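Engineer: here is my input, please return the structure:
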Amino acid sequence: QVQLVESGGGLVQAGGSLRLSCAQSGRTFSRYTMAWFRQAPGKEREFVTAISWSGDTSYADSVKGRFTVSRVIAKNTVYLQMNSLKPEDTAVYYCASPKTPYIAASIAPSAYDYWGQGTQVTVSS
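Structural biologist: Residues are numbered from 1 along each chain as shown. Take a look at the predicted model:
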């Protein structure tokens, strides 16, 4: 059974930093693309960033230069380092992964089969 468990959310002032973690269990981590999405109240879930099975990364324009995605294969964990946070970054952040191995990242939530429970990130002004 595949599980994704996020941690690391919280409350931070604008300009601050947070690091989110997502631990995957139940299958071979290195074969799968991992993505981060976020959803603010009243808004649709949106793509933030992804790291493919091969290590390629992609970012939404809104977070380029501020957020960094990385992974530690030995720990079956993907990280999201968020710097220079803005109030508009406030959302519930989810990690996600497809059920099919060796496929490229997608910005569409429908491309992902497994989701974590979400972690709240709140940025105060």
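Engineer: endpoints of stretch 108-122, how far apart?
Structural biologist: From its first residue to its last, stretch 108-122 covers 24 Å (CA to CA, to the nearest Å).
Engineer: for that stretch, what is the average pLDDT?
Structural biologist: For stretch 108-122, mean pLDDT is 97.
Engineer: ok, and what's touching that stretch?
Structural biologist: Contacts of stretch 108-122 with the rest of the structure, by CB atoms under 8 Å, 6 or more residues apart in numbering, involve 2-12, 18, 20, 22, 35, 37-39, 45, 47, 82, 85, 89-99, 106. For the C-beta atoms, the positions are set from N, CA and C on the backbone; glycine is no exception.
Engineer: ok, and the closest non-adjacent residue to the residue most central in space within the chain?
Structural biologist: Centroid check for the chain by CA atoms, centre = their mean gives W36 as the closest residue, at 2.2 Å. Spatial nearest neighbour of W36, chain neighbours left out: V48 (4.3 Å); criterion: CB to CB, 6 or more residues apart in numbering.
Engineer: I'd assumed R38 was in contact with that neighbour.
Structural biologist: Yes - look at V48 against R38 with CB atoms under 8 Å: they come within range, at 5.3 Å.
Engineer: okay, and the common contacts of those two?
Structural biologist: Joint contacts of V48 and R38 (CB under 8 Å, 6+ apart) are Y93.
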